[in-house]
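[1] okay, predicted coordinates and the sequence, questions at the end:
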Amino acid sequence: MLKPLLAALALGALVSAPAAAADTKIKFTLGWKTQGSDAAFMLAKDKGYFKEEGLDVQIDQGEGSGATVTRIMSGAWDAGFGDVNAIIQNAAQRPDAAPVMVYQMWNRPPFAVVTKAEAGVKSPKDLEGKTLGGAQGTPTTRLISVFAKTNGVDMEKVKLSNMAPNLQEPMLIRGDIDGAMVFTLTSYFNLVLNRQDPDKDYRWLNFGDYGLDLYSNGMMVSRKLLKENPKAVAGLVKAVNRAAIEIGKDQEAGMKAIEAYDNLVNLAVEKRRLQFAYEKLMVSPEAAEIGLGDIKDDRMKKAIDIVVQGYGLPRAPEPSEIFSREFLPARAERELVYTAN
């Protein structure tokens, strides 16, 4: 009688024991196709940092850093890597639907006008009399009028030519346009892939250097996730911060994670893109002061005003509608030390 009794007790224990909690599933969209600058998300997944936070994160390729916002607003994605300025644009009109930035990664904006060095454009005023090519609706083209006004450029003397994004660098190289209104992280490497030297043979008028002190890409989440599962949001931020800080000291670790996610990428180019993102967009005096992931509210307020002007928005959202620091790890855990390797 003993064996049947033990078997019955064991079966009862199995039935009554609580099931192990399943990891929370998160659908995450990148800003574009796989790039080295996405390494923190891949590393957090590859090394199990998301898993440690009880998260099962599915990473999907994107359609543009602005499209990240509309993807999340559609309800099909929970979180993503995208442009805070697109949040501002949507929050001005649909405040209850726009996502919230919870980890600001790019402290500096990647918006710029690039010209050939031989064109002699050394300042914004030199753009007068030139033809600039740009893709309609991008932040750079939408904000060019604010850039011009801020720097005393008469836009009546500047010709704007609308074109597909993939035509900008080829037309600039051929001399069909004098300059292109671009996203530096993309354009710089499009020139590299076209066997150009973007440092020696081109000049870059970065918006951030000429009065448009904007923030840019970071990790954002849906308002639904924010409200229903703040623990998952905190876990996302903790895992991505851990990976981003690690990559600052070891870019090879980031590239291994990129390759594991997409083995078709050009590793040499994407490593340079990863380092470009850190050197040009993430490392800054402000980031050194407040730590990676955070913002300054007064600066964000000014940035919001710039975007409202550039996009002709009906109202200026408050910084608290755009960004939440509620889920940031302690300042000491967000100390970015970057060493190119």
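    Everything's here; your move. All values derive from a computational prediction rather than experimental measurement.

[2] hey, let's count contacts and neighbours off CA atoms from now on
    Fine.

[3] show me what the residue most central in space within the chain is bridged to.
    Closest residue to the average C-alpha location of the chain: N217 at 2.7 Å, with C-alpha atoms, centre = their mean. Counting by DSSP bridges, N217 is bridged to D83.

[4] my guess is it contacts V84, does it?
    Yes - with contact defined as C-alpha atoms under 8 Å, N217 counts as touching V84 (5.9 Å).

[5] output stretch 280-291 as CSV, nothing but the C-alphas.
    The C-alpha trace of stretch 280-291 is given here as CSV (Å, rounded to 0.1, in the frame of the first residue of the first chain):
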residue,chain,number,x,y,z
LYS,A,280,29.2,61.8,-31.9
LEU,A,281,25.8,61.2,-30.3
MET,A,282,26.1,59.7,-26.8
VAL,A,283,29.3,61.0,-25.2
SER,A,284,28.8,64.6,-24.2
PRO,A,285,29.4,67.0,-21.3
GLU,A,286,25.8,66.7,-20.3
ALA,A,287,25.9,62.9,-20.3
ALA,A,288,29.0,63.1,-18.1
GLU,A,289,27.1,65.3,-15.7
ILE,A,290,23.8,63.5,-15.4
GLY,A,291,24.6,60.0,-16.7
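
[6] quick one: buried residues of that stretch?
    280-284, 287, 291 (16 or more other C-alpha atoms under 10 Å).

[7] could you pull out the strands for the chain?
    24-29, 55-60, 79-83, 100-104, 111-116, 131-134, 159-162, 179-183, 202-206, 217-221 (DSSP state E).

[8] now distance to L143 too, for the ones you listed, in JSON lines please.
    Formatted as JSON lines, those follow (distance: least, C-alpha to C-alpha, whole Å):
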{"stretch": "strand 24-29", "distance to L143": "25"}
{"stretch": "strand 55-60", "distance to L143": "29"}
{"stretch": "strand 79-83", "distance to L143": "14"}
{"stretch": "strand 100-104", "distance to L143": "21"}
{"stretch": "strand 111-116", "distance to L143": "9"}
{"stretch": "strand 131-134", "distance to L143": "11"}
{"stretch": "strand 159-162", "distance to L143": "13"}
{"stretch": "strand 179-183", "distance to L143": "10"}
{"stretch": "strand 202-206", "distance to L143": "12"}
{"stretch": "strand 217-221", "distance to L143": "16"}
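
[9] tell me which of those strands sits nearest to L336.
    With distances scored as C-alpha to C-alpha, the stretch of those nearest to L336 is strand 100-104 (12.9 Å).

[10] got the angle between the closest one and strand 217-221?
    140 degrees (axes from the mean of the first three to the mean of the last three C-alpha atoms, to 10 degrees).

[11] now strand 100-104: average pLDDT?
    The pLDDT scores in strand 100-104 average 98.

[12] repeat for stretch 288-295
    98.

[13] ditto for stretch 232-249
    What stretch 232-249 shows for mean pLDDT is 98.

[14] distance from the chain centre to that stretch, please.
    Centre-to-centre, stretch 232-249 and its host chain are 14 Å apart (C-alpha atoms, centre = their mean, to the nearest Å).

[15] what comes up buried for it?
    Those would be 232-249, for stretch 232-249 by 16+ other C-alpha under 10 Å.

[16] burial of the closest residue to A39 other than its chain neighbours, as a residue count?
    With sequence-adjacent residues excluded and distances taken as C-alpha to C-alpha, 6 or more residues apart in numbering, A39 is closest to G254, at 5.0 Å. Other residues near G254 number 28, with proximity taken as other C-alpha atoms under 10 Å.

[17] contacts only, for G254.
    Going by C-alpha atoms under 8 Å, 6 or more residues apart in numbering, G254 touches 36, 39-40, 42-43, 247.

[18] now the angle between strand 217-221 and the longest helix along the chain, please.
    Secondary structure of the chain per DSSP state H: the longest helix is helix 230-249. Relative orientation of helix 230-249 versus strand 217-221 (the same axes, to 10 degrees): 160 degrees.

[19] end-to-end on stretch 151-167?
    27 Å (C-alpha to C-alpha, to the nearest Å).

[20] other residues contacting it?
    124-125, 127-136, 145, 148, 210-211.

[21] same thing with stretch 84-94?
    Residues from elsewhere that reach stretch 84-94, judged by C-alpha under 8 Å, 6+ apart: 66, 69, 97-101, 139, 215-218, 304, 307-308, 311, 313-317, 321-322.

[22] off-centre distance for it?
    Distance, centroid of stretch 84-94 to centroid of chain: 15 Å (C-alpha atoms, centre = their mean).

[23] measure stretch 304-320 end to end?
    Stretch 304-320: ends 11 Å apart by C-alpha to C-alpha.

[24] next, the buried residues of it.
    For stretch 304-320, by 16+ other C-alpha under 10 Å, it's 304-311, 313, 316-319.

[25] alright, I will stop here.
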